[in-house]
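*Asks:* coordinates only, sequence not included:
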Ligand SMILES: [Zn+2]
């Protein structure tokens, strides 16, 4: 019961200091909170919002929403919104208590106008069995079964736009519940190691990492989070520190990006990007050189090069990650190449496949003319996302694409923490609510 042995005043102090620390590194935390807690302590929440935290809706009360009907879920979310509005607590998204949701939850969110949800979990398997006793390992396995997370071996950890238009932002596991309650970790040093391992993995994969720390465990997690925030400042590539709302807004903005490609002369493609200024546009296997009237000149090595783009198309520090270079999205990119430097997809591929590539930032055209494209897919229905990305990236061909994140960021780091209870009274209240809603 130690976990909730706080007064709201004490927790406000801890959270306040935590927010101040994060703000020092320009990181704004996202706190999904149940509406009844807001109703109970509106002034505390208002003060924390004023201090810089972003609150979001974590249900009306802390219950398993899959046990409620669509109508009941709609009613709960509506009541939650009313409370947030009453106390002028801003919100844009939702995280389900216990990360338990069903199709009705998503429909009820849509009806109530939510922009995003973050209840779908993705497990990074960084926990090593040999570091733990059997009892802890079993508890960990049990938790994983309970969460039924997506597998990073086959899936990319990024947001997705769902059928109803809501942006689904994954929640990264292991979270603090697994680390503390299941694995029994109590040492800051070990938490530091775990978080750093997750962070490095998401950076390498260019993905989203949303650390989840309940407010009452902030002290245990502080050094681990501070280490990441400090270290990323000296990284080669930026890491975008974003709230869940920032991420949802970006994902909606990115969805509309397009590239218009025209063959202006034989084997010369002019590409115009229709995107926002903060978009990250990348190109690989395209060397810079000058176009002149006579044709194409290379970058000096051998006089000519097969894939040449005007150097003005590239930004000053053009080298980005791997073979990719940063492209200036405002000017026209002219590429000399015998094929279109994008991906062609046969209409016989599944819609899901097309959606996946586009959402990941690739520029695609649906076409039966395979020969015209640097990369071409035929007959793909079901697929393993990671395997597809490997296939694309291992090919040494000219390729132009949008990147997943803005401002040339390699990956995203988001700090979240569900506020389920502020005091021991809330904690017991939570049990009563859960009981009576069944
Ligand atoms: Zn919760």
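*Replies:* Ah, there it is. Just so it is clear, the structure is predicted and the values come from calculations on it, not from any experiment.
*Asks:* can you tell me how far residue 118 sits from residue 77?
*Replies:* Using Cβ to Cβ, to the nearest Å, residue 118 is found at 15 Å from residue 77. All C-beta spots, glycine's among them, are computed from the backbone N, C-alpha and C.
*Asks:* neighbour count: those two, which is higher?
*Replies:* Set side by side, residue 118 and residue 77 show more neighbours around residue 118, with 29 against 23, by other Cβ atoms under 10 Å.
*Asks:* tell me the contacts of that one?
*Replies:* If you count contacts by Cβ atoms under 8 Å, 6 or more residues apart in numbering, residue 118 has them with 32, 93-95, 168-171, 210, 244, 416.
*Asks:* which residues are in contact with the nearest residue to residue 258 once chain neighbours are set aside?
*Replies:* Spatial nearest neighbour of residue 258, excluding adjacent residues (Cβ to Cβ, 6 or more residues apart in numbering): residue 274 at 4.4 Å. The contact partners of residue 274, by Cβ under 8 Å, 6+ apart, come to 256-260.
*Asks:* low-scoring stretches of this structure, by residue?
*Replies:* Along the chain, segments meeting pLDDT under 70 span 1-6, 290-307, 316-317, 423-438.
*Asks:* what about the helices in it?
*Replies:* 8-24, 35-40, 42-51, 70-86, 103-111, 134-147, 176, 188-205, 218-232, 244-255, 351-359, 385-393, 424-437 (DSSP state H).
*Asks:* next, see if the shortest one gets close to the ion.
*Replies:* No. Contact between helix 176 and the ion is absent, the nearest approach being 11.0 Å (criterion: Cβ under 5 Å from the ion).
*Asks:* now that helix, how far from the centre of its chain.
*Replies:* Helix 176 has its C-alpha centroid displaced from the chain centroid by 18 Å (Cα atoms, centre = their mean, to the nearest Å).
*Asks:* name the residues that touch it?
*Replies:* Contacts of helix 176 from elsewhere in the structure, counted by Cβ under 8 Å, 6+ apart, are 212-214, 217, 220-221.
*Asks:* among those residues, which two are most distant?
*Replies:* Greatest spatial distance among these (Cβ to Cβ): 212 and 220, at 12.9 Å.
*Asks:* ok, the residue in the stretch 201-350 of the chain that the ion sits nearest to - contacts?
*Replies:* The ion sits closest to residue 214 of the stretch 201-350 of the chain, with a gap of 7.5 Å, by Cβ to the ion. Contacts for residue 214 (Cβ under 8 Å, 6+ apart) come out as 176-177, 417-420.
*Asks:* now with 7 Å, please.
*Replies:* Contact analysis of residue 214 by Cβ atoms under 7 Å, 6 or more residues apart in numbering lists 176, 417-418, 420.
*Asks:* that concludes my questions; thank you for your assistance.
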